[in-house]
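Peer 1: return atomic coordinates for the entry below.
(one chain, ligands or ions: 2)
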Amino acid sequence: MSKQFTTINAKPPLQHQMHTTDHHVAELHVDSNDSIHPANLICSLSRQFYNNNWCTGTGGGLSIKDPQSRLTYFTPSGVQKELMTPSDLYVRNEDGEYVNKPLVSKNYKPSACTPLFSICYEAKNAGAVIHTHSQNAVICSMIFGDEFQISNIEQIKAIPNGEVDPNTGKLKYLQNFDTLVIPIIDNMPHEDELQDSFHEILRSYPNTVAIIVRRHGIFVWGDSIAKAKIHNEAIDYLMELAIKMHKLGIPSTCPIGDEKKYLKN
Ligand SMILES: CSCCC(=O)C(=O)COP(=O)(O)O
Ligand SMILES: [Zn+2]
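Peer 2: Ligands and ions are numbered 1, 2, ... in the order given. Here you go, the predicted model:
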């Protein structure tokens, strides 16, 4: 990943920007030439996620909290995510007020995932939340019960274990021999009806960085958009691997050296 992804350089603080009309003030939050401004990043990442088959047919969504301005950016609802432009985004301040909305003529509304993204910000202090309709997440939610589990794979090291190193203050990560556990919750008719399950599962799995929603997709977060993107890619890789292992008859938590005991002829 490019080093650029590690920080978000937003425009100068809003109080230093020129205010003319409400319309212009609002546009300042989403109008930047900086490719890593949250409004630009949401659009470019949404295109990448569409191309990964994670956010097709308007599915999925993305939200970023700008560490500098403390503004939170949300995708609109029911929109082709690969075609969004920065001015299509909803931007909320710390008081929960929208400081940018898409043009009224577009007739948009905020993503149905907004309450779920907000839970991840409040309960997990997330810096960004990604929601995809990854087919790997959907298939894993059919193969596994209440938890996705995988062990003894190098890529597991990309996922934090929930502990903080007292010397560096940085998050500690799982070892390759550890078991990654991601909770699976049942889907509901509407995304906002998943809020109680989100609260409950975050209490039961305080160290998780993701929740799989059965036959629906996955929500993944991190301290920053860079971390959320890494977690999402690593978890998707591990879910794809678990599906391939399942097809071969090898359990995803198979001890090292036991693989051949399970291999189908
Ligand atoms: C065909 S997508 C159904 C809604 C959904 O699950 C989703 O992720 C997108 O919701 P949004 O309101 O953000 O469009
Ligand atoms: Zn969804």
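Peer 1: got the residues of the stretch 151-265 of the chain near ligand 1?
Peer 2: Contact residues, the stretch 151-265 of the chain versus ligand 1 (C-beta under 6 Å from any ligand atom): Glu191. Yep, even glycine has a C-beta here, placed from its N, CA and C like the rest.
Peer 1: how about 8 Å then?
Peer 2: 191, 216-217 (C-beta under 8 Å from any ligand atom).
Peer 1: quick one: those as TSV, columns for neighbour count too.
Peer 2: Converted to TSV, those look like this (neighbours: other C-beta atoms under 10 Å):
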residue	neighbour count
Glu191	20
His216	20
Gly217	25
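Peer 1: let me have these in CSV, extended by distance to Ile156, secondary structure and pLDDT.
Peer 2: Formatted as CSV, those follow (distance: C-beta to C-beta, whole Å; DSSP: H, G, I helix; E, B strand; the rest coil; pLDDT from 0 to 100):
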residue, distance to Ile156, secondary structure, pLDDT
Glu191, 29, helix, 95
His216, 24, coil, 98
Gly217, 21, strand, 98
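Peer 1: the one helix or strand in the chain whose mean pLDDT sits lowest: what's the following helix or strand?
Peer 2: Least confident helix or strand, the chain: helix 22-28 with a mean of 51, by mean pLDDT, DSSP states H and E. Next helix or strand after helix 22-28 toward the C-terminus (DSSP states H and E): helix 38-51.
Peer 1: for the record, mean pLDDT for the helix or strand following that next one?
Peer 2: Next in sequence after helix 38-51, counting helices and strands by DSSP H and E, comes strand 61-65. Strand 61-65 shows a mean pLDDT of 98.
Peer 1: counting by contacts, list what strand 61-65 packs against.
Peer 2: helix 38-51, strand 72-74, helix 114-124, strand 128-132 (3 or more C-beta pairs under 8 Å, 6 or more residues apart in numbering; DSSP states H and E).
Peer 1: tell me the most buried of the ones you listed?
Peer 2: Highest mean neighbour count of those: strand 128-132, a mean of 29 (counted as mean count of other C-beta atoms under 10 Å).
Peer 1: what's the angle between it and helix 38-51?
Peer 2: 20 degrees (axes from the mean of the first three to the mean of the last three C-alpha atoms, to 10 degrees).
Peer 1: so what strands line up beside strand 128-132?
Peer 2: Note on strand 128-132: by DSSP bridges, its sheet partners are strand 61-65 (antiparallel), strand 217-222 (antiparallel).
Peer 1: closest to Met239 out of those?
Peer 2: Nearest to Met239 among the strands paired with strand 128-132 is strand 217-222; the distance by C-beta to C-beta comes to 8.0 Å.
Peer 1: which residues does the closest one contact?
Peer 2: Here strand 217-222 makes contact (C-beta atoms under 8 Å, 6 or more residues apart in numbering) with 59-60, 113, 116, 120, 124, 126-134, 137-138, 182, 198, 209-213, 228-232, 235-236.
Peer 1: who's Ile218 bridged to?
Peer 2: In beta-bridge terms (that is, DSSP bridges), Ile218 pairs with Thr132, Ile212.
Peer 1: which residues are in contact with Ile250?
Peer 2: Contacts for Ile250 (C-beta under 8 Å, 6+ apart) come out as 259, 262-263.
Peer 1: are we agreed that it is in a helix?
Peer 2: No: Ile250 sits outside any helix when classified using DSSP: H, G, I helix; E, B strand; the rest coil, being coil.
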